[in-house]
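K.L.:
Here's my sequence, what's the structure:
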Amino acid sequence: MGVVFKQSLNNSIITYFGFGIGALNTLVLYLNFMTPQYYGLIQVILSASAVLMPVLAFGVPNTLVKFYSSFKNTRTTDGFLTLMLFLPLALILPIAGITFLANDAIGSFLSKENPIVKDYVWHIFLIGMAMAYFEIFYGWAKVQMKSVFGNFMKEIFCRVGQTVLLVLLFFEFISVDFFIHALTGIYLLRTVIMKLYAYRLRMPKFVFDFPKNIGNIVVYSALIILGGSVAIVLLEIDKVMINQFIKIENVAYYSVAGFIAMTVAVPSRSMHQITYPLTAELLNKKDKVALKNLYQRSSLTLFIVSGLLFLMILLNLNDLYEMLPEAYRNGFVIFVWLGLAKIYDAILGNNNSILYNSDYYRAVLVMGVLLAIVTIFLNLWLIPKFGLDGAAIASFSSFFIYNTIKLLYVKVKFDILPFTLETIKVALLLLATGLVFYFLNFPFHPIINITFKSILIVVLYVAILYRFKISEDVFGVLSKFLGKSK
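P.N.:
Below you'll find the predicted structure:
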């Protein structure tokens, strides 16, 4: 767990720095430098690209992590890596052909409610392809136990690029149309840089003598397309479907609340970069004791950190919305639903890693596909009826059902649960802290109010965690920090 915590900590720092830049872009620059209509357009393009990405990647990022540690000689490993580089082309090339031949039809479908989307079909494909190969090269680095640089490129690079483009847009050096072209270029450039880094860690040797279990590898990759698509559908389909039913500027309003809720998921994203390959290794070794230990400790750590973030944002949300333009201030309900979904994600620890690296992934993928269909129908029902709140309720309901299925499946197949007595203690601590600070409000500027309340919440929460040693890992980090401070 020491390796996990060290790299997770580094990844958390990078991810939060990236989220800081993202907050600058989302809550300040986009809101003031771009109209809601065009901001909504960019969100639709990026969300549609993210939905397309798992298909174009052909499941390779997960396949790399699952199978890499199982090969014991250099030639077999090189053959496997060669297969991983070329396998995505089996879908990228035909989809590119479909995009070329049916460009107008696809554009007309996406622009049924908002005609502005019609001319950006190729941008969606190119960004989706760039995202796909970026994840492949990122997986290439992760199997070498090097996740920090990839996390930097994932969380910071494109956000800094957007900051620069927004400033250029504000000073009228570029147009919005050029902004979208340049944004596509930034995603492509990020992939090239990640490729160079991955090759520096291990230069590929193109060996077309593929492993003997190539059938299992290809089948796994094909099935993982479904798994990756399910996860992305649950995350991104709401924005795409909002575009299909109501004015595109509503995507911008929803995205702001969604970005705030996504902050709760940062610790999970950081820790999963390193727990994923470790989980695959433990499953390959059939070390059930270590697997259970990793499951429970990752769950507790993520619940502690994500729960604190959710609480701090929830208790400061009114002050935060006071600083935003009036059109963006109606996202309280959206944040609550999406934030609760992220908390449930966090409390499952490395559950996804266990399922997708085990022999039981097929059943989970089938259930996931069924749930993705349910998600689409929930959005079809709730968005026209309740608008943006309906999209948030649909997302929460989908995540709740999906996560509960995965939780029960791991329990049945591995006889392990992520919960311990400490989980209950953290839940009670979060509830008590929320009740203490719910009625505490300061009559100052929102920034001062947020700062004061956040400091008080963190001090009380961390002090109780440290005093009662609720988490071994958190206590160890706090002890080192306090020791250095002394």
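
K.L.:
What separation is there between L110 and V240?
P.N.:
Distance, L110 to V240, by CB to CB, to the nearest Å: 8 Å. The C-beta positions use only the backbone N, C-alpha and C, and glycine is treated the same way.

K.L.:
Any chance you could list residues touching both of these two?
P.N.:
The contact sets of L110 and V240 overlap at 44, 48 (CB atoms under 8 Å, 6 or more residues apart in numbering).

K.L.:
buried residues in stretch 243-258?
P.N.:
243-246, 248-258 (16 or more other CB atoms under 10 Å).

K.L.:
centroid residue for the protein?
P.N.:
R269 (6.0 Å; CA atoms, centre = their mean).

K.L.:
From the buried residues of stretch 243-258, which land in helices?
P.N.:
Judged by DSSP state H, helices contain the following of those: 243-245, 249-258.

K.L.:
Can you add distance to L27 and give these back as CSV?
P.N.:
CSV is the format used below for those (distance: CB to CB, whole Å):
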residue, distance to L27
N243, 21
Q244, 26
F245, 25
E249, 16
N250, 17
V251, 16
A252, 12
Y253, 12
Y254, 14
S255, 11
V256, 7
A257, 11
G258, 12
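
K.L.:
Can you lay out those as JSON lines showing distance to F377 and pLDDT?
P.N.:
Formatted as JSON lines, these follow (distance: CB to CB, whole Å; pLDDT from 0 to 100):
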{"residue": "N243", "distance to F377": "17", "pLDDT": "84"}
{"residue": "Q244", "distance to F377": "13", "pLDDT": "82"}
{"residue": "F245", "distance to F377": "14", "pLDDT": "85"}
{"residue": "E249", "distance to F377": "25", "pLDDT": "88"}
{"residue": "N250", "distance to F377": "20", "pLDDT": "87"}
{"residue": "V251", "distance to F377": "20", "pLDDT": "87"}
{"residue": "A252", "distance to F377": "25", "pLDDT": "86"}
{"residue": "Y253", "distance to F377": "23", "pLDDT": "89"}
{"residue": "Y254", "distance to F377": "19", "pLDDT": "90"}
{"residue": "S255", "distance to F377": "23", "pLDDT": "88"}
{"residue": "V256", "distance to F377": "26", "pLDDT": "89"}
{"residue": "A257", "distance to F377": "23", "pLDDT": "90"}
{"residue": "G258", "distance to F377": "21", "pLDDT": "89"}
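
K.L.:
Closest to A432 out of those residues?
P.N.:
The nearest member of these to A432, counting by CB to CB, is A257 at 26.5 Å.

K.L.:
okay but the closest one is in contact with L338, surely?
P.N.:
Yes. Contact criterion CB atoms under 8 Å: A257 and L338 qualify, at 7.0 Å.

K.L.:
What are the buried residues along stretch 160-176?
P.N.:
Neighbour counts over stretch 160-176 (16+ other CB under 10 Å) mark 161-163, 165-166, 168-169, 174 as buried.

K.L.:
ignore the last one, stretch 454-466
P.N.:
Applying 16+ other CB under 10 Å to stretch 454-466 flags 454, 457, 461, 465-466 as buried.

K.L.:
Just those residues: which are in helices?
P.N.:
Cross-referencing these against helices under DSSP H gives 454, 457, 461, 465-466.

K.L.:
can you redo these as TSV with pLDDT and distance to L27?
P.N.:
Rendered in TSV, the data for those read as follows (pLDDT from 0 to 100; distance: CB to CB, whole Å):
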residue	pLDDT	distance to L27
S454	93	16
I457	95	21
Y461	93	24
L465	90	29
Y466	89	32
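
K.L.:
any idea which helix or strand comes after the lengthiest helix in the chain?
P.N.:
Using DSSP H, we find that the single longest helix of the chain is helix 288-322. Per DSSP states H and E, the first helix or strand lying C-terminal to helix 288-322 is helix 332-347.

K.L.:
That next one: what's the following helix or strand?
P.N.:
helix 351-356.

K.L.:
tell me what whichever helix or strand comes after that next one is packed against?
P.N.:
Later in the chain than helix 351-356, the nearest helix or strand by DSSP H and E is helix 361-386. When contacts are defined as 3 or more CB pairs under 8 Å, 6 or more residues apart in numbering; DSSP states H and E, helix 361-386 packs onto helix 214-245, helix 351-356, helix 388-414.

K.L.:
which neighbours do A257 and L338 share?
P.N.:
A392.

K.L.:
Reformat the helices and strands packed on helix 361-386 as JSON lines; add distance to T74.
P.N.:
Below are the helices and strands packed on helix 361-386 laid out as JSON lines (distance: least, CB to CB, whole Å):
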{"stretch": "helix 214-245", "distance to T74": "17"}
{"stretch": "helix 351-356", "distance to T74": "26"}
{"stretch": "helix 388-414", "distance to T74": "33"}
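
K.L.:
picking that back up, what mean pLDDT does the longest helix of the chain have?
P.N.:
The pLDDT scores in helix 288-322 average 93.

K.L.:
among the helices and strands packed on helix 361-386, which is the most enclosed?
P.N.:
helix 351-356 (a mean of 24; mean count of other CB atoms under 10 Å).

K.L.:
Which strands and helices lie in contact with it?
P.N.:
Applying 3+ CB pairs under 8 Å, 6+ apart, we find helix 351-356 packed against helix 214-245, helix 266-285, helix 288-322, helix 361-386, helix 388-414.

K.L.:
So which elements touch the last one?
P.N.:
If contacts are counted by 3+ CB pairs under 8 Å, 6+ apart, helix 388-414 sits against helix 214-245, helix 249-262, helix 288-322, helix 332-347, helix 351-356, helix 361-386.

K.L.:
out of those, which comes closest to L29?
P.N.:
Across the helices and strands packed on helix 388-414, closest to L29 is helix 249-262 (CB to CB), at 12.2 Å.

K.L.:
picking up where we left off before, can you tell me which of the ones in helices among the buried residues of stretch 243-258 is nearest I193?
P.N.:
S255 (26.2 Å).

K.L.:
Could you check how far that closest one is from L46?
P.N.:
From S255 across to L46, the span is 9 Å (CB to CB).

K.L.:
picking up where we left off before, return the subset of the buried residues of stretch 160-176 lying in helices.
P.N.:
Members of the buried residues of stretch 160-176 lying in helices (criterion: DSSP H): 161-163, 165-166, 168-169.

K.L.:
Could I get those residues in JSON lines, plus columns for pLDDT and distance to L196?
P.N.:
Formatted as JSON lines, these follow (pLDDT from 0 to 100; distance: CB to CB, whole Å):
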{"residue": "G161", "pLDDT": "96", "distance to L196": "17"}
{"residue": "Q162", "pLDDT": "96", "distance to L196": "22"}
{"residue": "T163", "pLDDT": "96", "distance to L196": "23"}
{"residue": "L165", "pLDDT": "97", "distance to L196": "23"}
{"residue": "L166", "pLDDT": "96", "distance to L196": "27"}
{"residue": "L168", "pLDDT": "96", "distance to L196": "26"}
{"residue": "L169", "pLDDT": "95", "distance to L196": "29"}
